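Student: Build me a model from this:
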Amino acid sequence: MLPNRPRPVVLTIAGSDSGGGAGIQADLKAFMALGCHGLSAIAALTAQNTRGVTAIHRPPRRFLRAQLDALFDDFPIQAVKIGMLGTVPVIETVAEVLAERAAVNIVLDPVMIASSGARLSERRALDALRRRLLPLADVLTPNLPEAEALLGRQINNEDAQSEAALALLSQVRGGVLLKGGHLPGDTLTDLFLQRDGQCHTWQHRRLPIEGHGTGCTLASAIAARLARGDSQLEAAGHAIAFLQRALGAAYRPGAGPLHVPDALRAMA
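Tutor: Here you go, the predicted structure:
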């Protein structure tokens with residue numbers, strides 16, 4: 001008889017990347033690498049490879065609700081990672097279920113634009129994201145273009161990054177990890193602002209690769225670490241270190257310019 005070894009259960013609500021480098025696929029790899037059991041509710045299907053997104057299909061709202069109800073009815077979900085949602089009905093459905101189920105440790109990665117530049121969200125969905133999901137976020141993990149979209153302002157230096165993190169903090173129930181990879185320079189700074197106003201930063205040397213799926217992997221790693229009992233700051237620090245290892249194990253699976261961080265190889 002096989003031993004029963006319970007693992008923390010983490011749910012990802014996001015889009016499926018047919019190329020395997022981002023979205024649901026990246027999330028599940030990160031959960032497994034960090035010792036968690038991964039669940040998935042697919043909010044969108046993409047026709048995607050290493051060179052970009054060519055088409056997006058969104059399942060009916062009722063089907064998304066059925067996925068979420070099935071998972072919450074059966075599993076003790078200890079953290080939730082939210083990625084690409086894209087439309088107002090999808091965002092409203094996710095917000096309704098998470099509120100009804102009193103979901104905890106919600107990590108929101110507000111995916112709106114793919115690394116290739118393809119827009120993944122309706123413009124109307126931005127307001128719904130602000131109104132319905134930001135108030136539920138225990139950790140918000142935008143990159144700078146996403147933060148600019150949420151705030152309606154430019155972020156072009158580290159002072160503006162700090163000001164943006166503070167503005168976003170007022171809209172969430174937890175902390176904000178504002179990633180600095182889109183600022184110029186050889187060193188990038190990730191900034192985590194906690195609910196009590198304390199700020200922590202991590203600085204990294206810019207790596208000579210483009211990492212497809214990095215935001216998904218980072219947010220999923222934070223969710224996994226929260227499910228394992230870390231504080232928000234601890235989870236952010238562990239997840240950033242995990243992503244750096246994943247990037248060190250990156251490889252090129254397709255013909256495009258993007259490198260996929262391999263979370264499983266990073267833990268080998």
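Student: Can you list the low-confidence ranges for the stretch 151-268 of the chain?
Tutor: The model of the stretch 151-268 of the chain has pLDDT under 70 over residues 182, 208, 210-211, 255-268.
Student: Please, where are all the strands along it?
Tutor: Ranges of strands in the stretch 151-268 of the chain, per DSSP state E, counting those that start in this stretch, are 175-178, 187-193, 199-205.
Student: residue contacts, the nearest residue to residue 167 once chain neighbours are set aside?
Tutor: Leaving aside its sequence neighbours, residue 167 sits nearest to residue 151 (CB to CB, 6 or more residues apart in numbering; 5.6 Å). For the C-beta atoms, the positions are set from N, CA and C on the backbone; glycine is no exception. Residues counted as contacts of residue 151 (CB atoms under 8 Å, 6 or more residues apart in numbering) are 164, 167-168.
Student: that older thread, so which of the strands of the stretch 151-268 of the chain is the most packed in?
Tutor: Highest mean neighbour count of those: strand 175-178, a mean of 27 (counted as mean count of other CB atoms under 10 Å).
Student: Can you name every helix or strand that that one contacts?
Tutor: strand 139-140, helix 158-169, strand 187-193, helix 232-248 (3 or more CB pairs under 8 Å, 6 or more residues apart in numbering; DSSP states H and E).
Student: Try it again at 7 Å.
Tutor: strand 139-140, helix 158-169, strand 187-193 (3 or more CB pairs under 7 Å, 6 or more residues apart in numbering; DSSP states H and E).
Student: end-to-end on stretch 17-30?
Tutor: End-to-end distance for stretch 17-30: 15 Å, by CA to CA, to the nearest Å.
Student: Can you tell me what sits against that stretch?
Tutor: Contacts with stretch 17-30, where a contact means CB atoms under 7 Å, 6 or more residues apart in numbering, come from 12, 14-16, 38, 40, 42, 46-50, 81, 83-84, 212-213, 216-217, 220-221, 224, 254, 258, 260, 263-264.
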